[in-house]
Structures are given as structure tokens and as C-alpha cells.
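Participant: sequence-free structure coming up:
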Ligand code: AMP
């Protein structure tokens, strides 16, 4: 997946403000933040979207959510935060590498647009 933007961030070919990295998960700050805290949590493995993982990826998805919990604590999001994944064109997914937005430090309206 040489052309995938987020694979290139994982590989260190494109700079990003990385705040967490382990074998399976990378978290970095969104380049166009929609809240004072806006992080993206991604698998290091290329998976296009939420509907693509295989059964074998369950452990990785579980690990991503553990990392998200940890990042929420580190970023001081104790008053609330939102985790979003846009899956497919109708949801507005623009980067086709699974990612979870972590948004916090402001009041977030509901429903989203
Ligand atoms: P989505 O629209 O859900 O696919 O989200 C893609 C997100 O990736 C957007 O919020 C973009 O601002 C973000 N993004 C795109 N390029 C970069 C980059 N080079 N570094 C960090 N975030 C990026």
C-alpha cells in the first residue's frame, strides 16, 4: 500500500505529530483539527475501513480501543470526548485506511452532520 497516506505516516515517510506508537497502533494529531484535541488512532496494518477487518484483526481492534482510553487520560479528556470512524463515501471517509477520530476539549453537538 505504497500510496496510502496513513501507511506512509506509519513508515515515517510523511511527517506527523505522533503521540503513541507500538507494533499495532499509531496515534497522531489530525492536520486539520476539528476540536482542541483531535487525534487519529490507526492500525499499523493497512485496513481500508471498519467493514474490512478479518476475524484475526479482533485483537488489534481491541488494542486500538485500549490505546484510545489511554490517550483520553493523557490528553485530559475527563469531561467527555467522542470517537468516530467514517466508513465509506456516504460517511465522508476521505482516507481509505481505517482510523478513529478522537475529539475532545470542546462541547460536541449531536446529531453530527
Ligand atoms: P476521514 O475524512 O474520516 O477519512 O478523515 C481523514 C482525516 O485525516 C481528516 O480529518 C484529515 O484532516 C486527516 N489528515 C489528512 N492528511 C493528514 C496528515 N498528513 N496528517 C494528519 N492528518 C491528516
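Facilitator: Done, it's in. These numbers were taken from a predicted model, which means no experiment stands behind them. Numbering: from 1, shown residues only.
Participant: where in the protein is pLDDT low?
Facilitator: Counting by pLDDT under 70, the chain shows low-confidence ranges at 1.
Participant: what packs against the lengthiest helix in it?
Facilitator: Counting residues, the longest helix found in the chain (DSSP state H) is helix 58-74. Judged by 3 or more Cβ pairs under 8 Å, 6 or more residues apart in numbering; DSSP states H and E, helix 58-74 is in contact with strand 18-21, strand 25-29, strand 37-43, strand 100-104. C-beta: built from backbone N, CA, C; applies to glycine.
Participant: can you redo those strands as a markdown table with distance to the ligand and mean neighbour count?
Facilitator: Output for the helices and strands packed on helix 58-74, formatted as a markdown table (distance: least, Cβ to the nearest ligand atom, whole Å; neighbours: other Cβ atoms under 10 Å):
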| stretch | distance to the ligand | mean neighbour count |
| --- | --- | --- |
| strand 18-21 | 10 | 14 |
| strand 25-29 | 6 | 21 |
| strand 37-43 | 6 | 22 |
| strand 100-104 | 6 | 21 |
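Participant: which stretch among those strands comes nearest residue 66?
Facilitator: Checking these against residue 66 by Cβ to Cβ gives strand 25-29 as the closest, at 8.6 Å.
Participant: count the neighbours of residue 83 for me.
Facilitator: Using other Cβ atoms under 10 Å, residue 83 has 16 neighbouring residues.
Participant: for the ligand, what are the nearby residues on this protein?
Facilitator: Applying Cβ under 6 Å from any ligand atom, we find that the chain lies next to the ligand at 5, 14, 16, 28, 30-32, 40, 86, 92-95.
Participant: state the pair within these that is farthest apart.
Facilitator: So, the residues of the chain next to the ligand by Cβ to Cβ: farthest apart are 14 and 92, at 21.5 Å.
Participant: residue 45 is in contact with residue 23, correct?
Facilitator: No. With contact defined as Cβ atoms under 8 Å, residue 23 does not reach residue 45; the gap is 9.9 Å.
Participant: sweet, I'm off.
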